[in-house]
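structure of the sequence below:
(2 chains)
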Amino acid sequence: MSLAELESLAYKLCNLSQLRQLHAHLLVKLSLHHHTQCQWVSLLISQCTRLRAPPSYTRLIFHSMPRPNVHVFTSMFKYYSNSNFNLGGSDQVASLYRQMQQRSDLTIGTFVYPVLIKSASSAGIQFHAHVRKLGLASDHYVRNAILAFYAKYGPVEHARYLFAEMHDSTLADWNNMIFGYWKWGNKDDACKLFDMMPERNVVTWTSMVTGCARIKDLDNARRYFDQTPLKNVVSWNAMLSAYAQNGCPEEALRLFDDMMNSGDQPNETTWAIVISSCSSCGDCSLADSFVQKLNQKQIHLSYFSKTALLDMYAKRGSLPTARQIFDELGAYRNTITWNAMISAYTRVGDLASARELFDKMPQKDVVSWNSMISGYAQNGQSALAIDLFKDMINAADGLKPDEVTMVSVISACGHLGALDIGNWVISIVRKHHIKLSVSGYNSLIFLYSKCGSMEDAKMTFQEMKTRDVVSYNTLIAGFAAHGHGMEAIKLLLKMKGEFIEPDRVTYIGILTACSHAGLLEEGWKVFESIKAPDVHHYACVVDLLGRVGKLDEAKEIIDGMLKEPHAGVYGSLLNASRIHKRIDLGEFAASKLFELEPHNSGNYILLSNIYASAGRWDDVVRVRESMRKIGVKKATGWSWVEYKGKMHKFIVGDRSHERSEDIYRLLAELGRKMRNAGYMADKTCVLRDVEEEEKEEMVGTHSEKLAVCFALLVTDAEAVIRVVKNLRVCWDCHTVIKMISKLEGRKIILRDNNRFHCFSDGVCSCGDYW
DNA sequence: CTAGGGTTAG
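Below is the predicted model of the structure:
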């Protein structure tokens, strides 16, 4: 068989098993001339590149040659530079080059260097000095490869010097310069160069399209695309991805239709973009019809677009299908495939399966860590998210966290109220010079707000050059939790002044802030200005009216609602009924709530508290009885404090904490002190013994007392005690902590799931709350 | 022989 015959045969192969057959067939005949053998093996390796064969197989072919010539080496370099597998590329390329150098029978021609430079540069290996020493730097192709290296990996200034020195630059050099300027955010120079170019080709135009897309300038991207003479599939793909990556998947799909009518044939890249656009549109049927069409036309998707397909099934919740694709990919899986599967699991909350894959995967990149960390963070496992982040920092593979990591970890710290850990995380942001974007700053605002440092939250907000609606919403929610109503309203005015449109979350924050601050009129005005209030806004306004005692007005609002009220609305009314001792409305709200959420213990407790405050003890017993009958268990309350970078969690009845003995001793001592000081004004306001609480089935009620006692034991007198509780703080505990703050002269900040309580000298900042 | 497009995480 001649080489030409073999070539035409090889390029007809369309999958790996056909390649294997050909390989086996050739092995039989490998008794030929060494030169012919080399030609054959090079051909096979370039087929590996084309068919994206896994590295193990490609290396097998390479090693089947005893003394490969320069062409065989070169095809291996090409394989490495075109492959998307995680190959540990640097080691491979470097060792191949070393092997070549050691072979005295080889003459390394100049043509090897451009491809060598390209394949090594993705691993950060520079050949600039080396090829200069060899006297090759003046070769057009070598020179271009070096220019491309600096354009891609920076510093782009080096590319600029090289380019300026050239007196015979080629179109490829110009194109690389344009690419480099866009890549490093230098729009002006890119455009300047484009305008003065002696000639342009489709590559030039496509670079401009992609450059504009990078800065989200879709109009100009489209303009360059439309002006492109002689478009090809890459031009179309560039424009498609411009839409897809800037949140316009519908537009991408529209353009895809144009493409189908244009006569240009889509390729793998096109399918990947289109499939991912379908999944971001959330249009399952569209995606299904695509898959069907592909099957009809017998188009074989490569591992690359199969990852997009996997993700699409995962996003619509078809996890078994996604997993099937993942399993079928076998040796074709790369890091991105693994990452996609991991986030598929975290999305549905299956953290165990996600973690199993995470631990098993052969190579992790930043996205792998980020997927797992954010998976924990978004499924309420903040502590695990932080632990995994620590593992990431200490891991041997030396991966640097990026902004995405930081956003997840910082917000996890916020959820926990872990300010010390949060500050440590911020120090890492500085150490690695991680540039924060709007969402990075938003996460900082969230952290500070959740940790009670409103000054820092405000300062961060003011430092931001651009803010989005989330920035405002986060700070507003912070003010709301602290009861700073006017500050929240000022922010609403400010955001309107900056032409940022408030959304439903904004209004929930504002109404909550007004309600906590007792700003009835202001809140009511805001509520009336909401164009289409939803149930949450109604719940807020019922709370607003209810807290100031306008319960009948609140009831009227409920009766006038167009939509069916949800539990939150009645919950607000029930809580207000408790504050203002309105048994009639309390019973009404409770009856609705018992229908809507029969297993929410909070409603029963609130109702029984209403009866208790009216001295109707028979009814208290009746409510407790019905709880027992229905099988409603009081939700477990827990509290935690941060101490020396660790979270210390407390649940009443659990004595596993190492300082438990001391904590309970201090608790008893404080109880005695209070009784002696005569703080027994109310009989519900007793610092009860734990055993007694357990008997009364009050387990979990006062975990915050344990946390406060622990902090009293371990911190010095000046330190502010910060405690977080997962549920709402109950009334007698609130009173007790007020007393502790007076007796011990300590400042205590208690955050519950509703708001902040800042205790100092026997007074709480939310004085109007109870 | 170069140069432009692709899947995953907040």
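
what residues does the stretch 351-500 of chain A put near DNA strand B?
Listed as neighbours of DNA strand B in the stretch 351-500 of chain A under the rule Cβ under 7 Å from any atom of the strand: A:365-368, A:370-371, A:374, A:377-378, A:402-404, A:407-408, A:411, A:437, A:439-440. All C-beta atoms are positioned from the backbone trio N, CA, C, and that covers glycine.

would you mark the buried spots in stretch A:507-521?
Under the neighbour-count criterion of 16 or more other Cβ atoms under 10 Å, stretch A:507-521 has A:507-517, A:519-520 buried.

make a markdown table out of these and add pLDDT, secondary structure and distance to DNA strand B.
Formatted as a markdown table, the buried residues of stretch A:507-521 follow (pLDDT from 0 to 100; DSSP: H, G, I helix; E, B strand; the rest coil; distance: Cβ to the nearest atom of the strand, whole Å):
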| residue | pLDDT | secondary structure | distance to DNA strand B |
| --- | --- | --- | --- |
| A:Tyr507 | 97 | helix | 23 |
| A:Ile508 | 97 | helix | 20 |
| A:Gly509 | 97 | helix | 19 |
| A:Ile510 | 97 | helix | 24 |
| A:Leu511 | 97 | helix | 25 |
| A:Thr512 | 96 | helix | 23 |
| A:Ala513 | 96 | helix | 24 |
| A:Cys514 | 96 | helix | 29 |
| A:Ser515 | 93 | helix | 28 |
| A:His516 | 92 | helix | 27 |
| A:Ala517 | 92 | helix | 30 |
| A:Leu519 | 94 | coil | 32 |
| A:Leu520 | 94 | helix | 36 |
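
of these, closest to A:Met166?
Distance to A:Met166 across these (Cβ to Cβ) is lowest for A:Gly509, with 58.0 Å.

now tabulate the buried residues of stretch A:507-521 in JSON lines and tack on distance to A:Ala717.
Formatted as JSON lines, these follow (distance: Cβ to Cβ, whole Å):
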{"residue": "A:Tyr507", "distance to A:Ala717": "42"}
{"residue": "A:Ile508", "distance to A:Ala717": "39"}
{"residue": "A:Gly509", "distance to A:Ala717": "36"}
{"residue": "A:Ile510", "distance to A:Ala717": "38"}
{"residue": "A:Leu511", "distance to A:Ala717": "39"}
{"residue": "A:Thr512", "distance to A:Ala717": "34"}
{"residue": "A:Ala513", "distance to A:Ala717": "33"}
{"residue": "A:Cys514", "distance to A:Ala717": "37"}
{"residue": "A:Ser515", "distance to A:Ala717": "35"}
{"residue": "A:His516", "distance to A:Ala717": "30"}
{"residue": "A:Ala517", "distance to A:Ala717": "31"}
{"residue": "A:Leu519", "distance to A:Ala717": "36"}
{"residue": "A:Leu520", "distance to A:Ala717": "40"}
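
what number of residues lie near the closest residue to A:Ala172 other than its chain neighbours?
Counting by Cβ to Cβ, 6 or more residues apart in numbering, the nearest residue to A:Ala172 once its immediate chain neighbours are dropped is A:Asn144, at 5.2 Å. For A:Asn144, the number of neighbouring residues by other Cβ atoms under 10 Å comes to 21.

how close does A:Asn144 get to A:Val233?
24 Å (Cβ to Cβ, to the nearest Å).

can you give the domain ranges for chain A?
Per automatic domain parsing, the domain ranges recorded for chain A read A:1-125, A:533-633, A:639-764.

taking the centroid of chain A, which residue is nearest it?
A:Ser374 (5.2 Å; Cα atoms, centre = their mean).

strands of chain A, start to end?
The residue ranges that make up the strands of chain A, judged by DSSP state E, are A:639-643, A:646-650, A:721-725, A:748-751, A:756-760, A:763-764.

A:Leu43 and DNA strand B: what is the separation?
Using Cβ to the nearest atom of the strand, to the nearest Å, we find A:Leu43 at a distance of 16 Å from DNA strand B.

okay, the strands of chain A, which one's buried deepest?
strand A:721-725 (a mean of 25; mean count of other Cβ atoms under 10 Å).

how about the helices in the stretch 601-750 of chain A?
Secondary structure of the stretch 601-750 of chain A by DSSP state H, counting those that start in this stretch: the helices cover A:601-613, A:617-630, A:660-676, A:690-695, A:703-714, A:731-743.

cool, the stretch 301-450 of chain A as well?
A:303-315, A:319-329, A:335-347, A:351-360, A:366-378, A:382-394, A:403-416, A:419-431, A:438-450.

distance to A:Thr735 added to the ones you listed, as TSV?
Output for those, formatted as TSV (distance: least, Cβ to Cβ, whole Å):
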stretch	distance to A:Thr735
helix A:303-315	49
helix A:319-329	49
helix A:335-347	42
helix A:351-360	39
helix A:366-378	35
helix A:382-394	29
helix A:403-416	26
helix A:419-431	26
helix A:438-450	25
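
can you name the residue of the stretch 101-250 of chain A nearest to DNA strand B?
Residue nearest to DNA strand B within the stretch 101-250 of chain A (Cβ to the nearest atom of the strand): A:Asn144, separated by 3.1 Å.

so which bits of the stretch 101-250 of chain A are right by DNA strand B?
A:111, A:114, A:118, A:140-141, A:144-145, A:148, A:152, A:170-172, A:175-176, A:179, A:201-204, A:206-207, A:210, A:232-235, A:237-238, A:241, A:244-245.

among the residues you listed, the buried ones, what's the ChimeraX command?
To isolate the buried members of these in ChimeraX, using 16+ other Cβ under 10 Å:
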select /A:114,118,141,144,145,148,152,172,175,176,179,203,204,206,207,210,234,235,237,238,241,244,245
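
any stretches of the stretch 501-650 of chain A with poor pLDDT?
Judged by pLDDT under 70, the stretch 501-650 of chain A has no weakly predicted residues.

OK, contacts around the closest residue to DNA strand B within it?
Closest to DNA strand B within the stretch 501-650 of chain A is A:Val505: 15.4 Å, counting by Cβ to the nearest atom of the strand. With contacts defined as Cβ atoms under 8 Å, 6 or more residues apart in numbering, A:Val505 is in contact with A:Val469, A:Asn473.

can you tell me how far it is from A:Ala481?
14 Å.

got it, and A:Val202?
56 Å.

what's the neighbour count on A:Trp638?
Around A:Trp638 there are 18 residues (other Cβ under 10 Å).

I'd assumed A:His648 was in contact with it.
No. Using Cβ atoms under 8 Å, A:Trp638 makes no contact with A:His648, being 10.8 Å away.

where does pLDDT dip in the stretch 651-770 of chain A?
Residue ranges of the stretch 651-770 of chain A with pLDDT under 70: A:679-701, A:767-770.
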